[in-house]
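K.L.:
sequence first, then the predicted structure, then my questions.
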Amino acid sequence: MTSNLQNLFKNNAEQGERFSRLPFPTKKTEEWIYTNPNMLFEGITELDSKASATDLSGDVLFSNGALIGNNTKLSVREVQENAESTEATLALQELATSYELMIDSDQAAPIFIHQNYETTTDSHFTGSNLTIKVAKHVKATIVEIISGNNAGLHSGLTKIELEDNAKLEYVKVLPPELENKYLGSVTTEQKRDSSFNGVIVTLGGAVSRHHLFANLNEENATGNFHGLFTLESNQHSDTLSYIKHHAPRTYSGQLYKGALNDEARGIFTGKLFIARDAQEVDANQLSKNLLLSPKAHVDTRPQLEVYADDVKAAHGATVGQIGEEEIFYLQSRGIDATTAFKMLCDAFSADVIDHVENETVREFLFNELKKKATKKGEDK
């Protein structure tokens, strides 16, 4: 399969040579055993980087990875990046033009970044490559919204760097109307006393794959990756969340929830790594999943790799259905069965949304969940 992908590097021989030496994942690769890479990469032969959209809404606007609008006072500039990835899929994502968003002062209002991808044929690949830097003692909220058509493969690479005592809330949303194939990666590098709260919400997309990597590099850094996928029809979504504690007295949390209907499939692999010298770490991980149809399927794999001996590390996973007792309890309070079922589903999803601190963003996410429910009703 890599022979067709090699063509993407025809204008960058050096990157192409490096890509050719990297092992490309197969369906036997441990981290890809539930998502055959062919679902994303088969037939992809051309790189599409020309901006095509002009009517996007938001604060910072990208079309096929190209900056087309900045409605903020923040600096967003194109930068040269030394692509030295040792992982093949990341090397593909680094093909996109690199931009840097610098946040050097507190932001009272959330910053909405709109990433739009429009490809003309199923053989085209387009992507974005954005580095977000948050200066010392600065607090901000970012919402990255994905949109696009259903042709080809769309890729989003977001790299986040937090200086001392920086605080960032980051939310990525795949809205319910999205029907594309999407490969998304979010990586964080955190310094002393910094705080990162990441929430990934997957409502749309035919096939999606998320790579989430957090590096807690200095003491008293806190890094969270929470997520929610609500899937229906034949949607397929796979998330790999990997938090690494490299320093002592660092803290992390992972709460990932999935609600699956029809013949949808969801996968969550959550990893915690605690280095030998990373004592007094407190880390927890929980995956909870709700199957709303006999044909829906979920795979969940919480994993711990701990080399320090003075730590608190917990993990767990559940897969279940809405019980008849819960429905009956609400019916006994005068609520009909259909409304009761919806209320329980909403409560299940709200648990993740409530991890978002910014009230404006929480309201935005709850509206997206309502749109998902409305779309489901219209499809019926």
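P.N.:
Noted; the coordinates are in hand.

K.L.:
how near is residue 301 to residue 355?
P.N.:
21 Å (Cβ to Cβ, to the nearest Å). C-beta coordinates here come from the backbone N, C-alpha and C atoms, glycine included.

K.L.:
can you pull out the low-pLDDT segments for the chain?
P.N.:
Residues of the chain meeting the criterion pLDDT under 70: 1, 328, 341, 375-380.

K.L.:
those helices in it, which residues are they?
P.N.:
Applying DSSP state H to the chain gives helices spanning 2-6, 13-21, 38-41, 88-93, 324-331, 337-353, 359-379.

K.L.:
can you name every helix or strand that the second one contacts?
P.N.:
For helix 13-21, the elements it packs on are helix 2-6, helix 88-93, judged by 3 or more Cβ pairs under 8 Å, 6 or more residues apart in numbering; DSSP states H and E.

K.L.:
what's opposite residue 215 in the beta bridge?
P.N.:
Beta-bridge pairing for residue 215 (DSSP bridges): residue 189, residue 244.

K.L.:
go on, residue 230?
P.N.:
Beta-bridge partners, per DSSP bridges, of residue 230: residue 259.

K.L.:
surely it meets residue 259?
P.N.:
Yes: using Cβ atoms under 8 Å, residue 230 is in contact with residue 259, at 4.6 Å.

K.L.:
looking at the two, which one has more neighbours?
P.N.:
The residue with more neighbours, out of residue 230 and residue 259, is residue 230; 28 against 24, by other Cβ atoms under 10 Å.

K.L.:
now do the contacts for the more buried one.
P.N.:
Residues near residue 230 by Cβ atoms under 8 Å, 6 or more residues apart in numbering: 202, 203, 258, 259, 260, 349, 369, 372.

K.L.:
among those residues, which one has the most neighbours?
P.N.:
That'd be residue 258 among the contacts of residue 230, by other Cβ under 10 Å, with 29 neighbours.

K.L.:
what's the neighbour count on residue 82?
P.N.:
Other residues close to residue 82 by other Cβ under 10 Å number 6.

K.L.:
swap in residue 86?
P.N.:
Neighbours of residue 86 using other Cβ under 10 Å come to 10.

K.L.:
now do the contacts for residue 292.
P.N.:
So residue 292 contacts 259, 260, 261, 321, 322, 345 (Cβ under 8 Å, 6+ apart).

K.L.:
look up phi and psi at the fifth one.
P.N.:
Think residue 322. As for residue 322, its main-chain torsions (degrees, to the nearest 10) stand at phi -70, psi 120.

K.L.:
can you check residue 175 too?
P.N.:
According to degrees, to the nearest 10, residue 175 has phi -60, psi 160.

K.L.:
my read: it touches residue 371, true?
P.N.:
Yes: the pair residue 175 / residue 371 is scored as a contact, 7.1 Å apart, by Cβ under 8 Å.

K.L.:
hey, what's in contact with both of those two?
P.N.:
residue 203.

K.L.:
identify the contacts common to residue 230 and residue 259.
P.N.:
Joint contacts of residue 230 and residue 259 (Cβ under 8 Å, 6+ apart) are residue 349.

K.L.:
doesn't residue 4 make contact with residue 44?
P.N.:
Yes: if you go by Cβ under 8 Å, residue 44 and residue 4 touch, sitting 6.3 Å apart.

K.L.:
residue 69: neighbouring residues, count only.
P.N.:
As a measure of burial, residue 69 has 17 neighbours, counting by other Cβ under 10 Å.

K.L.:
so the nearest residue to it once chain neighbours are set aside bridges to which residues?
P.N.:
Take residue 69 and drop its neighbours on the chain: the residue closest to it by Cβ to Cβ, 6 or more residues apart in numbering is residue 61, 3.7 Å away. Beta-bridge pairing for residue 61 (DSSP bridges): residue 69, residue 114.

K.L.:
give the contact list for residue 61.
P.N.:
Here residue 61 is in contact with 67, 68, 69, 70, 71, 113, 114, 116 (criterion: Cβ under 8 Å, 6+ apart).

K.L.:
the fifth one against residue 59, yeah?
P.N.:
So the one you mean is residue 71. Yes: assessed by Cβ under 8 Å, residue 71 is found in contact with residue 59 at 5.1 Å.

K.L.:
and residue 13, how close does it get to residue 147?
P.N.:
Separation of residue 13 from residue 147 (Cβ to Cβ) stands at 33 Å.

K.L.:
no no, residue 263
P.N.:
25 Å.

K.L.:
ok, those two, which is more surrounded?
P.N.:
Counted by other Cβ under 10 Å, residue 263 and residue 147 do not tie: residue 147 has more neighbours, with 22 against 16.

K.L.:
surely the more buried one is in contact with residue 114?
P.N.:
Yes: using Cβ under 8 Å, residue 147 is in contact with residue 114, at 6.8 Å.

K.L.:
now for these two: what residues contact both?
P.N.:
residue 56.

K.L.:
which residues does residue 321 contact?
P.N.:
Each residue near residue 321 by Cβ under 8 Å, 6+ apart is listed here: 290, 291, 292.

K.L.:
what sits opposite the second one in the beta ladder?
P.N.:
Here residue 291 shows beta-bridge partners residue 260, assigned using DSSP bridges.
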